[in-house]
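Asks: Make a model of this:
(2 chains)
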Amino acid sequence: MALSDYLPFLPASDSGYVTPEGESVFGIMAEFETTPQAYKACEHVRDAGYTKWDLHTPFPIHGIEDAMGMKSTILPRIAAIGAFAGVGIALVGQYWITAIDFPFVVQGKDYWAWQPLVPITFELGVLLCAFTSLFGMLALNGLPRWHHPLFKKDRFLDVSDDRFVICIEATDKNFDPAKTKALLEEAGGKHIDLVEA
Amino acid sequence: MSQLAANQLLSEENINPPTSAAARVSGMLLGLGTLGVAGTIVGSFVVGQSYAMASWHAMAMAALAITLGAMFWVMIFHLTMSGWSITLRRQFENLMKMMPIAIALVAPVLIIEIISGGVLFKWMNPAVTAGDPVFASKQPYLNIPFFVIRWMIFVTVWMFLSTRLWNLSTRQDITGDKWLSNKARFTSSWGMPLFALTTAFAAFDWLMSLDYHFFSTMWGVYYFAGGVFSSIATIIVMLFFIQRTGRLEGLVTNEHRHDLGKLLFGFTVFWSYIAFSQYFLIWYSNIPEETAFMVLREQHGWRYVTLTLMWGHFIVPFVILLFAGIKRNKTTLTILAVWMLLMHLVDLFWIVLPNIHVGELRTVNMSGLWVNVSAALGVFGIYFGLLARRVASGPLVPLKDPRMPESLHHRNYV
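Replies: Numbering: from 1, shown residues only, chains lettered A, B, ... in the order given. Now for the predicted structure:
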């Protein structure tokens, strides 16, 4: 997910592979006709050590995350950082205002009473946790975006109907046009094609 | 269904009751329980009758909260048609079916109170309440005949609901009739509001009225919150011991444990939220009848118990339970569950004990600590001893529940 995906006027980042004709390449796509074929192919690609690739399907497939070797997300950790930052900011900010900067008697309570700080602390913790969850999720999956190179391929549109498409990206460290194509052929893929960036 | 019968996980040795182990555990626990009862009775002569009775009452109410919490979960599972919990539900039902025991454990103190005219429940003593304008306004509610009528209503509702839900579930074990699930769901739909009202009013009657000047509309929810999370903790501990006997392997997995851990986490936060809301409003509004309750618990050593609850019941478990790895590990989750159960007992002691005088002060009585321990052993020795027998009385899962496959394939995708 490059910054240029969001800001189209920026120069596009290096795609990782350029054809002899000078066409920069997003990746290689291969089609599969049935769920078991796609599932097996995923295991094949996973075992070959690729990390930057995806399977596109018309419907969710149970257990596909294992076949694809997907790791669990780091989003919870990001959200936790947001939550605890919120708690910290709220506690320090309120305490500094009410007890140090501008001590003011409210309802005869102590300046340094911790009780009134709790609701704000809770709310700011929840707020920043929610924000980091939402925006962290968007940053990690690269949504929303204007366009995707795969949309240029007419055959790709079939994945919303009855096809399964695996696309291995050119920025993957194992990517090699000949070897990757051979791998996808070996995995049973049809209509293997380079996708322009 | 035929596919299910062939499932390896549901083989006889994986789900048959652990009879011999349960008999051993139950014998040991009942022995401890007897010792605890004896200790409490000795304590009532050595330390003081009111102190021993208060300790017993706190522990019996803790056991009742766990039982009611389990009934809440069974009804919630039926209402939400939850699939993941099916392999756990029989343990919740076992806990729910402890209802007569829990009611019987609470009964002695209430009966002694009514006969003796109020040692703990001082409003039962006309000499104490004479000329008290605060009590005069509460008298239409707080009087012994109405108290007994409400008691009978609670017992009827709880016994009816727990027996009916249990019977529907065990009948399905035999007949496999999937419509029994719908009947249980219907029962839960009207049972839930009845449960909510009876639990709240039982908490008002048996805990809040110990200090009859005090009032908090949050009280019913507070007691409920304690019961709901401590029943989850009890289930986690039960599953640990059942799996020690080599049963439920593959039926209750780390995926189920993860969800139990999440519920334990969620309701620990819920309890804290309720407890703080109650405290916060009392602290802010500063009305004498209400603040007396909190002021008392900030003085005479009760302050340390309050702080123990704050840290041990909320902050520390909150941070620990945030980690998925801890919830997905049998050992760490069980250790935390035991800790949360202990905190639940401390919570109930914190509610009941400051209401009684020790000498002139309502202070923490360190020399009476052994009576508290005896009461806890007495109540929970009997309670868990009989629970072990109940677990061993039938299959460990609802055998023919239509949603069983869902539970077998349950995953959290983390």
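Asks: Whichever residue of the stretch 51-200 of chain B sits closest to chain A: how many residues sit nearby?
Replies: Of all residues in the stretch 51-200 of chain B, the one sitting closest to chain A is B:Gly83 (14.3 Å; C-beta to the nearest C-beta). Placement of C-beta: from N, CA and C, glycine included. By the criterion of other C-beta atoms under 10 Å in any protein chain shown, B:Gly83 has 17 neighbours.
Asks: what kind of secondary structure is it in?
Replies: Secondary structure for B:Gly83, judged by DSSP: H, G, I helix; E, B strand; the rest coil, is coil.
Asks: who's in contact with it?
Replies: B:403, B:406-407, B:410 (C-beta atoms under 8 Å, 6 or more residues apart in numbering or on different chains).
Asks: Pop out the phi and psi values for it.
Replies: Backbone torsions of B:Gly83, given as degrees, to the nearest 10, read phi -90, psi -40.
Asks: Which other helices and strands does the lengthiest helix in chain A contact?
Replies: Longest among the helix segments of chain A by residue count, using DSSP state H, is helix A:117-141. Here helix A:117-141 touches helix A:75-95, helix B:254-285, going by 3 or more C-beta pairs under 8 Å, 6 or more residues apart in numbering or on different chains; DSSP states H and E.
Asks: Can you tell me how far the residue nearest the centre of chain A is from B:Leu239?
Replies: Geometric centre of chain A, nearest residue: A:Asn141, 2.1 Å, by C-alpha atoms, centre = their mean. Distance, A:Asn141 to B:Leu239, by C-beta to C-beta, to the nearest Å: 36 Å.
Asks: which residues in chain A form helices?
Replies: Under DSSP H, chain A gives helices at A:3-6, A:35-47, A:64-67, A:75-95, A:117-141, A:177-186.
Asks: next helix or strand past the least confident helix or strand in chain B by mean pLDDT?
Replies: Lowest on mean pLDDT, DSSP states H and E among the helices and strands of chain B sits helix B:2-5, with a mean of 55. Under the assignment DSSP states H and E, the closest C-terminal helix or strand after helix B:2-5 is helix B:12-15.
Asks: What residues of that following helix count as buried?
Replies: B:14-15 (16 or more other C-beta atoms under 10 Å in any protein chain shown).
Asks: Give me the next element, helix or strand, following that helix.
Replies: helix B:19-46.
Asks: re earlier: pick the most buried one from the helices and strands packed on helix A:117-141.
Replies: Of the helices and strands packed on helix A:117-141, the one with the most neighbours on average (mean count of other C-beta atoms under 10 Å in any protein chain shown) is helix B:254-285, at a mean of 18.
Asks: ok, B:Leu377 - contacts?
Replies: Per C-beta under 8 Å, 6+ apart, neighbours of B:Leu377: B:32-33, B:35-36, B:39.
Asks: where's it, which helix or strand?
Replies: Per DSSP H and E: B:Leu377 is located in helix B:369-391.
Asks: Run a quick check on B:Pro395 versus B:Thr19, I expect a contact.
Replies: No. In this structure, B:Pro395 is not within contact of B:Thr19 by C-beta atoms under 8 Å, at 11.9 Å.
Asks: what about the helices in the stretch 201-350 of chain B?
Replies: Along the stretch 201-350 of chain B, the stretches classed as helices by DSSP state H, counting those that start in this stretch are B:219-244, B:254-285, B:288-296, B:302-309, B:316-321, B:324-327, B:330-352.
Asks: Which of those helices has the lowest mean pLDDT?
Replies: Lowest mean pLDDT within the helices of the stretch 201-350 of chain B: helix B:288-296, at a mean of 84.
Asks: quick one on the thing from earlier: now do the longest helix of chain A: distance to the chain's middle.
Replies: 18 Å (C-alpha atoms, centre = their mean, to the nearest Å).
Asks: buried ones in that helix?
Replies: A:117-118, A:120-121, A:124-125, A:128-129, A:132-133, A:136.
Asks: circling back: so which of the contacts of B:Gly83 is the most crowded?
Replies: Going by other C-beta under 10 Å, B:Ser407 tops those with 23 neighbours.
Asks: is it true that B:Leu105 touches B:Ala63?
Replies: Yes. Contact criterion C-beta under 8 Å: B:Leu105 and B:Ala63 qualify, at 5.5 Å.
Asks: shared neighbours of those two, anything?
Replies: With C-beta under 8 Å, 6+ apart, B:Leu105 and B:Ala63 have common neighbours B:379, B:383.
Asks: Between those two, which has more neighbouring residues?
Replies: Neighbours were counted for B:Leu105 and for B:Ala63 using other C-beta under 10 Å; B:Ala63 has more, 27 against 24.
Asks: mind listing what's buried in the helix or strand containing that one?
Replies: Per DSSP H and E, B:Ala63 falls inside helix B:49-79. Going by neighbour count (16+ other C-beta under 10 Å), the buried part of helix B:49-79 is B:51-75, B:77-79.
Asks: Would you pull up how far it lies from the middle of the chain?
Replies: 4 Å.
Asks: and the helix or strand following that helix, what does it pack onto?
Replies: With elements assigned by DSSP H and E, the helix or strand that comes after helix B:49-79 is helix B:86-96. Here helix B:86-96 touches helix B:49-79, helix B:144-175, helix B:219-244, helix B:254-285, helix B:369-391, helix B:404-408, going by 3+ C-beta pairs under 8 Å, 6+ apart.
Asks: which bits of chain A sit near chain B?
Replies: Selection of chain A residues close to chain B by C-beta under 8 Å from any C-beta of the partner chain yields A:65, A:72, A:76, A:80, A:107-108, A:115-116, A:118-119.
Asks: now with 7 Å?
Replies: Residues of chain A found near chain B (C-beta under 7 Å from any C-beta of the partner chain) are A:65, A:72, A:80, A:115, A:118.
Asks: quick one, phi psi at the spatially closest residue to the third one that is not a sequence neighbour?
Replies: In this case it means A:Ala80. Excluding its sequence neighbours, the residue lying closest to A:Ala80 (C-beta to C-beta, 6 or more residues apart in numbering or on different chains) is B:Leu322, at 6.6 Å. Dihedral pair for B:Leu322: phi -70, psi -30, per degrees, to the nearest 10.
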